[in-house]
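This is a predicted model, with the sequence first.
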Amino acid sequence: MSMNNSPIGVFDSGMGGLSVWRELRRGLPEESLLYYGDGLHCPYGEKPARQVLGYIDAAVRELLDRDAKLIVLACNTATMTAVKYLRSRYAVPFVGMEPAIKPAVESTESGVVGVLATHTSLCSEWFAELRDRYSADVEVVSAAGDGFVEIVEAGEEDSPQAGEVVRRAVRPLMDAGADRIVLGCTHYPFLAHRIAEAVGDGKVEIIDPAPAIARRVEFLLDEYGIRAERGHAAEYGFLSAAGEEYARRLRGKAGTLL
Ligand code: DGL
């Protein structure tokens, strides 16, 4: 089998994709990772799709210029907006995110599954299709994590205000009887401890799709024969449209996840 020590590119609108980066690093310790967090145009949620597609395309080209052998779109909004376009345009494999509704549906005991995602993701046709696929078996309820992305970007996950913002978003899911909460935005795992606090009772499971994404990446590396050599010393790079200071913040946050 051929080997390839080039990096895996990981893209997000900002810092959220580091929740996926963390799982890739854990699961694939010999793979170099090149993380691109836009940072300048985040959040993508409220911006027109065409504009967002332009930002993503520029980032992907930069990752490809630096030899990325596979690119993970570690952002639900980016996946929804750009994955089809990127696959039709570039030869490298792309891995996208989608809310992990399936494992939640398979394991719920109350029959109600909650999804937390950005307003844009929840309003999309893509989400409607996903929900319809499962709603014959269970009730799928959703809530927008308004303000969540901004809190994570500001590094204010542990502030009292963050607790209040999270409680407000989670309450309707609890009221509907959800016993599974699917995190449909890659920024949200950084608020998982606040969500757990808001939920309170221990019977609710919070589901982060990142470990499944890392397994999918591993599968594709084998499928394409592009794994790094055994014993390869992985390198971790950080790029941003927002400049050096933001890239340093990305590296700093990633350092806390090791
Ligand atoms: N991490 C992105 C996602 O998963 C955040 C979305 C945004 O920038 O609005 O959707």
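Cool, the structure landed.

now what about stretch 212-222, what contacts it?
By C-beta atoms under 8 Å, 6 or more residues apart in numbering, the surrounding residues in contact with stretch 212-222 are 1, 8, 20, 23-24, 26-28, 31, 70, 72, 74, 93, 95, 97, 100, 103, 227. The way it works is simple: take the backbone N, C-alpha and C, and place the C-beta from them, glycine included.

Do that stretch and the ligand come into contact?
No. Judged by C-beta under 6 Å from any ligand atom, stretch 212-222 and the ligand are separated, with a smallest distance of 11.5 Å.

and that stretch, which residues are buried?
The neighbour-count check on stretch 212-222 (16 or more other C-beta atoms under 10 Å) flags Ala212, Ile213, Ala214, Val217, Leu220, Leu221 as buried.

Now tabulate those residues in a markdown table and tack on distance to Val170.
Supplementary listing: the buried residues of stretch 212-222 in a markdown table, determined by distance: C-beta to C-beta, whole Å:
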| residue | distance to Val170 |
| --- | --- |
| Ala212 | 22 |
| Ile213 | 23 |
| Ala214 | 26 |
| Val217 | 30 |
| Leu220 | 34 |
| Leu221 | 36 |
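
Just those residues: which are in helices?
The helices, defined by DSSP state H, take in Ala212, Ile213, Ala214, Val217, Leu220, Leu221 from the buried residues of stretch 212-222.

Residues of the stretch 151-258 of the chain that sit close to the ligand?
Cys185, Thr186, His187.

Over to the stretch 1-150 of the chain?
Checking the stretch 1-150 of the chain against the ligand by C-beta under 6 Å from any ligand atom, the hits are 12-13, 16, 42-45, 75-77, 118, 121, 149.

Among the residues you listed, which pair sits farthest apart?
Farthest-apart pair in these is Cys42 and Ser121; separation 14.6 Å (C-beta to C-beta).

what about burial for the contacts of stretch 212-222, which qualify?
Among the contacts of stretch 212-222, those classed as buried by 16+ other C-beta under 10 Å are 8, 20, 23-24, 28, 31, 70, 72, 74, 93, 95, 97, 100, 227.

out of those residues, who's nearest the ligand?
Of all the buried ones among the contacts of stretch 212-222, the ligand sits closest to Met97, with 6.2 Å by C-beta to the nearest ligand atom.

Hmm, Tyr188 and that closest one touching each other?
No. Counting by C-beta atoms under 8 Å, Met97 does not reach Tyr188; the two are 11.4 Å apart.

sec struct for the residue positioned nearest the centre of the chain, please.
Nearest to the geometric centre of the chain sits Thr186, at 2.9 Å (C-alpha atoms, centre = their mean). What DSSP: H, G, I helix; E, B strand; the rest coil gives for Thr186 is coil.

Setting aside sequence neighbours, what's the nearest residue to it?
Of all residues not flanking Thr186 in the chain, Gly16 sits nearest, at 3.8 Å (C-beta to C-beta, 6 or more residues apart in numbering).

While we're on that neighbour, how confident is the model there?
Predicted confidence (pLDDT) for Gly16: 98.
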